[in-house]
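Novice: Pasted the sequence and its predicted model underneath.
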2 protein chains.
Amino acid sequence: MTSDQTPAQRLPTLEDVAQVAGVSRATVSRVINNIRNVDPQLHKVVWDAVSATGYVPNRAARSLVTGRTGSIALVVSEAENRAADDPFLGRFFSDPFFGRVVGGVLSVLRPSGVHLALTLAGDEEACVKVVSDVRQGQVDGVVVLSLHPHDPLPRMLADAAVPAVLYGRPAAPMPISYVDVATYQGAKLAADHLAARGCQHVATISGSVDMPAGADRLHGFREAMAKQGVAYVPSYDGGFTHSGGERAMERLLAEHPETDGVFAASDVMAQGALAVLRDHGKSVPDDVAVVGFDDSSAALASRPQLTTVRQPVEDMAAEMARLLLTRIDQRANRTTSVIFDPELILRASA
Amino acid sequence: MTSDQTPAQRLPTLEDVAQVAGVSRATVSRVINNIRNVDPQLHKVVWDAVSATGYVPNRAARSLVTGRTGSIALVVSEAENRAADDPFLGRFFSDPFFGRVVGGVLSVLRPSGVHLALTLAGDEEACVKVVSDVRQGQVDGVVVLSLHPHDPLPRMLADAAVPAVLYGRPAAPMPISYVDVATYQGAKLAADHLAARGCQHVATISGSVDMPAGADRLHGFREAMAKQGVAYVPSYDGGFTHSGGERAMERLLAEHPETDGVFAASDVMAQGALAVLRDHGKSVPDDVAVVGFDDSSAALASRPQLTTVRQPVEDMAAEMARLLLTRIDQRANRTTSVIFDPELILRASA
DNA sequence: TGGAGGGCGGAGAGCGCTCTCCCTTTGTGC
DNA sequence: GCACAAAGGGAGAGCGCTCTCCGCCCTCCA
């Protein structure tokens, strides 16, 4: 059986296209990669040959010579040695957030034909693996969703000076690119809205303050309330969990029963707060107005639905991908950060 | 500048290892790939050389000659032209489910060094792309999470006779591999549990009956109740949504106020039912016992927490990966299905 | 009209690996 | 001691692509 007997099996190569177009392999390559000046007429001839043959470049061959794989990794890093069905990781995936990130990243990657390899980095060993993967050219770079303030991965990536972009500012300052939302501005949106509603006694349920998001949302909110002339804002730590939000709300009601406006640093905590308010016979938003943060699925699942501060997740994710591709392309290791504006989504709770 | 001046940049190749080990490239390759009989002594020498040089095989080069990419795609197929933040896709990611699937798949893929490329197939065009991607050797095969009963992707994959494994039986019979849970058995677990609790008036809130999961859970439940001597089980369609569950429960209470046991075909619907029961002053599980299905995050978020039927998602996902790898390895296109046993998770609601 | 220069296309050398072929060595039976 | 077999290891041909040279030809100017 000669190779010609199974033409359906063999995929067309550059050579085939070249033959059809009546030019050399090199020329076809130039056209495909849009390199140098190729006669526009030939250009068309070549593209016609490409579609006639149904040619698609072979990634492996291209990779071999360019030294790029044409794929980047999306690393979900928790570095806490958790099982896949652990509540924490569960909670992470428990949100349109992940899907929105993926959608945003892919929207940029798809047109350039770059693959997105999904990786879970559950412990330090896995983090080491991630770094060596990119050093060894298994992937060209990584976008990182780091879920934990003490996650060692960002530092390792920064030290290795490897193409990487984080979602969210790293917990400690380090030379690494990231995208983030203007948290202070988001907190201000919430503060101004509560003030505009006429809330006189505003409090906040904060997230873990060892996480940048937790600290910034708290400080930003306080600062904005201060600008509104409110010097003191009671705050209770809800640790970014549903039950933490419940507990914080309980304490808040006990110690500040006059409260008529609450800013929760995450929707999940806001949802917990809502449940407690309901148990206490408080009506939302009439007795107490509640504003969340994130615009997660919890915001829609809550009754009443949550007024909340939304991050432009898709845009941010897309920008991550763009930053990473640029970084890989230029082979320079400048770090960049891009900050996005949040948006107040008005629903029933405030 | 000669190439030797930047040794840190150049990654070690087979040739380097061969030189260190004092053998030929071919022998190193044989050892690495565990092929044919190589002298055990040489075996060790080679492996030592590998770790001495820090050699890692170049995927691209290997790919080029083997014709395999060493990566498979995880396709999240909805084929309904939805935006990334669409409630439906949101709902899909709104669950530990996705994370559990990824974890299960990766647990099998990681040891074999196979990459998992994430792909969203949002419309028919994207489905075509998926099929051609695997035909053109962009990926070796696909595991598919198909979210919609009218999704064209499974059919396209079956027709193309491409290595693919579905999560869940396809809506229409077709020659394609899949893993699934024994739905009838799961429904039976729920039925038997409600019966054992002493429920006298059992009803069910079904999912969309055009989906296999919806139809099977309903029929399985009815069948099991019939075996318990209950000839008639009222059923209301909740369409697998929270609000659908609410509406179904409302109707159920109106038309069958004597109901003291409910099997909801998904946790989300059960959660909706719980809210309605609460509004009607019914206590769960004392007045009405509720059993869900899936063991999703909703089961834990509900008050009371849901007794529910759990699928061994990680195991099923791992099996998907295993089936796919086998299929790719053997280049034969036999289709297989593997069915897993569900488990009743006892919590507070029943 | 001759020479220089620039644009355009071809030839061919690899990228790092696998795998087929073939040679060498060692073992075995008569 | 010889023929043969079997097994281990080496040589080398590509896999399909990019990219560096290099040469052709066409244009432009003197």
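Specialist: All right, it came through fine. Note that this is a predicted model, so its numbers are computed, not measured.
Novice: can you give me the strands for chain A?
Specialist: Along chain A, counting by DSSP state E, strands occupy A:71-77, A:115-121, A:142-146, A:164-167, A:177-181, A:202-206, A:235-237, A:261-264, A:289-294, A:307-310, A:337-340, A:343-345.
Novice: For DNA strand D, what's its nearest residue on the stretch 151-300 of chain A.
Specialist: Among the residues of the stretch 151-300 of chain A, residue A:163 lies closest to DNA strand D, at 17.5 Å counting by CB to the nearest atom of the strand. The way it works is simple: take the backbone N, C-alpha and C, and place the C-beta from them, glycine included.
Novice: Could you report the distance from that residue to residue A:73?
Specialist: Computed as CB to CB, to the nearest Å, the residue A:163 to residue A:73 distance reads 10 Å.
Novice: Common neighbours of these two, please.
Specialist: The contact sets of residue A:163 and residue A:73 overlap at A:134, A:141-142 (CB atoms under 8 Å, 6 or more residues apart in numbering or on different chains).
Novice: Excluding residues flanking it in the chain, which one is nearest the residue in the stretch 151-300 of chain A that DNA strand C sits nearest to?
Specialist: Going by CB to the nearest atom of the strand, DNA strand C is nearest to residue A:162 of the stretch 151-300 of chain A, at 18.8 Å. Counting by CB to CB, 6 or more residues apart in numbering or on different chains, residue A:162 lies nearest to residue A:134, which is 4.9 Å off, once chain neighbours are set aside.
Novice: can you check residue A:248 too?
Specialist: residue A:236 (3.7 Å).
Novice: tell me the contacts of that neighbour?
Specialist: Neighbouring residues of residue A:236 by CB under 8 Å, 6+ apart: A:203-206, A:247-249, A:251-252.
Novice: just residue A:36 next, same as before
Specialist: The contact partners of residue A:36, by CB under 8 Å, 6+ apart, come to residue A:30.
Novice: Likewise for residue A:266?
Specialist: Applying CB under 8 Å, 6+ apart to residue A:266 gives the contacts A:207, A:238, A:240, A:245, A:292-294, A:296.
Novice: Mind putting those into JSON lines with pLDDT and distance to chain B?
Specialist: Below are the contacts of residue A:266 laid out as JSON lines (pLDDT from 0 to 100; distance: CB to the nearest CB, whole Å):
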{"residue": "A:207", "pLDDT": "92", "distance to chain B": "18"}
{"residue": "A:238", "pLDDT": "94", "distance to chain B": "16"}
{"residue": "A:240", "pLDDT": "88", "distance to chain B": "15"}
{"residue": "A:245", "pLDDT": "94", "distance to chain B": "12"}
{"residue": "A:292", "pLDDT": "96", "distance to chain B": "16"}
{"residue": "A:293", "pLDDT": "94", "distance to chain B": "16"}
{"residue": "A:294", "pLDDT": "90", "distance to chain B": "12"}
{"residue": "A:296", "pLDDT": "82", "distance to chain B": "9"}
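Novice: Pull the most distant pair out of the residues you listed.
Specialist: By the measure CB to CB, A:238 and A:296 form the most distant pair in the contacts of residue A:266, at 14.5 Å.
Novice: for the residue in chain A that DNA strand C sits nearest to, what are its contacts?
Specialist: In chain A, the residue that lies nearest DNA strand C is residue A:37 (2.3 Å; CB to the nearest atom of the strand). Not one residue lies near residue A:37 by CB under 8 Å, 6+ apart.
Novice: separation between it and residue A:31?
Specialist: As judged by CB to CB, residue A:37 and residue A:31 stand 11 Å apart.
Novice: Most neighbours among the contacts of residue A:236, please name it.
Specialist: Highest neighbour count within the contacts of residue A:236, by other CB atoms under 10 Å in any protein chain shown: residue A:205, with 32 neighbours.
Novice: Now tell me which helix or strand of chain A has the poorest mean pLDDT.
Specialist: The helix or strand of chain A with the poorest confidence is helix A:87-93; it has a mean of 49 (mean pLDDT, DSSP states H and E).
Novice: deepest of the strands of chain A, which one?
Specialist: strand A:261-264 (a mean of 31; mean count of other CB atoms under 10 Å in any protein chain shown).
Novice: Confirm for me that residue A:15 is in contact with residue A:24.
Specialist: No. Using CB atoms under 8 Å as the test, residue A:15 is too far from residue A:24 to be in contact (9.5 Å).
Novice: No further questions, thank you.
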